[in-house]
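Colleague: predicted coordinates and the sequence they were generated for:
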Amino acid sequence: MKTIYKLLGLLLIVASCDSDLDQFPSNIASSDSLTDFDGVLNAAYYYQLGSVTPMAVMGEFRSDNAFMDEAPFTEFDEYDNGLTAMEDQFFGPFYTALYKSILSANNVIENSTNATDIGEAKFLRALSYFKLVQVFGDVTVNLSADPSLTDTSILARQPASQVYNNVIIPDLQDAISILDVDIVNGRASRFAAQGLLGKVYVTIGEFGSAEPHLAAVVNGAANAGISLKDNFNEIFGAEFEVENSEIIFSTQVSSSITDEYNFGSDFWNWFVGDDSKSDYPVDQDLVAAFDASDANGGGTDLRRAVTLSEDGLTAIKFPKDGGLGAEHDWIELRFADVILLYAETLNENGASPQQVLDLLDPIRTRAGLTPLDHTILNTQALVRQAILDERRLELAFEGQRWFDLVRTGTVDAELGESVNSNFHLFPIPVSEILATDGVITQNPGY
């Protein structure tokens, strides 16, 4: 059983109320009667499970990596207001789970005297808000363990920029100052916080601020036991997850502890085509991208055989063989991702093409490819595209592609169509709008 779930035990979540912001694990004592907040912290980790499948589907099926076969799920590729029909399946559970994680984290932050617990809670709160802002843009902010149930004005959505600057970034800075660099399976660490903070800064285009944090992870990785795995196929699969040197932070999944939505830990099901809504989910544009990598990389891209089935119709990166499908952890941050973000940051900060592209060499060598030639990719724009292409193949089906396209402003160019920027975000759950009498508003276009 996974580390966190050993501690979590047989936690049963039963929560019901008018708004998902007013959520508290009903079997956990109120803060004034607690002296040990380990159970509350473990609940904050646990609630991340409900975000896993929605994040996987949004990141891949909204992008040019995967597609749905069955209406109304085909709305993921139609870029109009039809996604509101997906609330019960994706956006509602995603929204609820993350605000539950936030509320549990708030309780630890406000009331615990254990510094490490507070550091982990701040990491989880930042991670939750980062996911929420990536998906919805402006969101409600609650930093209290006991929010008012009468003052509905506190539910009004706050600008995404304020959520980044007033919550996500300060929380991660605090977590960095508190947590140790050592990675304990399933727990937040200093480098997890530092890597995530670097990713946050890249997302909002603050590359100068991103560079020192990403550099700290890249340069300090060896001493912390972080490294690229020698073989790409040793990153994924339940048998490789314990003490995996490449995984900096993951949301742990265990068949012994089900999530409260009965699907949050089944992200792999959508990729391998086990859901009839997408029997053959792989977009052939991704297959073509692997073909191009073979042609231009001096060999066969070894990531293809790990990522895609032989016929190129399904994604097998998280294999279901051996009955271990339900044990796959969801990788939130791994070392190759940080290296690619660091390369992107250096490029945006004016480093030479050679300095930037040299960072990609270990990733490409592992994939069986030759280094990229800086005498050909000799401009910032060419290097920028090369990094985006590398991220697509390296991180395919890890829930990142759509969010990469949005943050790099390449949605139209990569999809080959004009997409209204309103639909770069996803719809706020209508149930939240109704429950708050319109205090929580809908995103434009929906």
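Modeller: Yep, that arrived.

Colleague: dihedrals phi and psi, the most centrally placed residue in the chain?
Modeller: In the chain, the C-alpha nearest the mean C-alpha coordinate belongs to Glu332, at 4.9 Å (C-alpha atoms, centre = their mean). In this entry, Glu332 is assigned phi and psi values of phi -90, psi -30 (degrees, to the nearest 10).

Colleague: buried ones in the longest helix along the chain, by neighbour count?
Modeller: Determined from DSSP state H, the single longest helix within the chain is helix 115-136. Neighbour counts using 16 or more other C-beta atoms under 10 Å place 117-136 of helix 115-136 among the buried residues. Quick note: C-beta positions are derived from backbone N, CA and C, even for glycine.

Colleague: pLDDT on it, on average?
Modeller: Averaging pLDDT along helix 115-136 yields 98.

Colleague: what's the answer for stretch 375-382, then?
Modeller: When pLDDT is averaged over stretch 375-382, the result is 98.

Colleague: got a list of contacts for it?
Modeller: For stretch 375-382, the external contacting residues (C-beta atoms under 8 Å, 6 or more residues apart in numbering) are 347-348, 350, 353, 357, 383, 386.

Colleague: show the end-to-end separation of it, please.
Modeller: Counting by C-alpha to C-alpha, to the nearest Å, you get 11 Å between the two ends of stretch 375-382.

Colleague: quick one: it to chain centroid distance?
Modeller: Average the C-alpha atoms of stretch 375-382, do the same for its chain, and the two points are 29 Å apart (C-alpha atoms, centre = their mean, to the nearest Å).

Colleague: and the helices in the stretch 251-400 of the chain, which stretches?
Modeller: Ranges of helices in the stretch 251-400 of the chain, per DSSP state H, counting those that start in this stretch, are 267-271, 284-296, 303-307, 335-348, 353-358, 361-366, 380-394.

Colleague: mind putting these into a markdown table with mean neighbour count and distance to Ala66?
Modeller: Compiled in a markdown table, the helices of the stretch 251-400 of the chain are given as follows (neighbours: other C-beta atoms under 10 Å; distance: least, C-beta to C-beta, whole Å):
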| stretch | mean neighbour count | distance to Ala66 |
| --- | --- | --- |
| helix 267-271 | 24 | 7 |
| helix 284-296 | 16 | 8 |
| helix 303-307 | 21 | 11 |
| helix 335-348 | 23 | 19 |
| helix 353-358 | 19 | 29 |
| helix 361-366 | 17 | 22 |
| helix 380-394 | 20 | 12 |
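
Colleague: so Val200 touches Phe130, yeah?
Modeller: Yes - the pair Val200 and Phe130 passes the contact test of C-beta atoms under 8 Å, sitting 6.0 Å apart.

Colleague: mean pLDDT lowest where, among the helices of the stretch 251-400 of the chain?
Modeller: Across these, the stretch with the lowest average pLDDT is helix 267-271; it has a mean of 91.

Colleague: show residues contacting it.
Modeller: Outside helix 267-271, the residues touching it (C-beta under 8 Å, 6+ apart) are 52-53, 55-57, 60-61, 66, 275, 277-278, 281, 314-320, 325, 328, 330, 397, 399.

Colleague: let's see 7 Å
Modeller: The set of residues that contact helix 267-271 without belonging to it, under C-beta atoms under 7 Å, 6 or more residues apart in numbering, is 52-53, 56-57, 275, 278, 281, 314-315, 317-318, 320, 325, 328, 330, 397.

Colleague: and that helix, how far out from the chain middle?
Modeller: Using C-alpha atoms, centre = their mean, the distance between the centre of helix 267-271 and that of its chain works out at 15 Å.

Colleague: all strands for this structure, in order.
Modeller: Per DSSP state E, the chain carries strands over the ranges 247-251, 330-334.

Colleague: could these go into JSON lines alongside mean pLDDT?
Modeller: Formatted as JSON lines, the strands of the chain follow (pLDDT from 0 to 100):
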{"stretch": "strand 247-251", "mean pLDDT": "96"}
{"stretch": "strand 330-334", "mean pLDDT": "96"}
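
Colleague: in TSV: those strands, plus distance to Thr436.
Modeller: Listed next are the strands of the chain as TSV, based on distance: least, C-beta to C-beta, whole Å:
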stretch	distance to Thr436
strand 247-251	28
strand 330-334	29
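
Colleague: for stretch 236-248, buried residues please.
Modeller: Under the neighbour-count criterion of 16+ other C-beta under 10 Å, stretch 236-248 has 236-238, 240-241, 244-248 buried.

Colleague: out of the residues you listed, who's nearest Gln173?
Modeller: Of all those, Ile248 has the smallest distance to Gln173: 17.5 Å, by C-beta to C-beta.

Colleague: out of everything not next to it in sequence, what's closest to the closest one?
Modeller: Beyond its immediate neighbours in the sequence, the residue positioned closest to Ile248 (C-beta to C-beta, 6 or more residues apart in numbering) is Leu333, lying 4.6 Å away.
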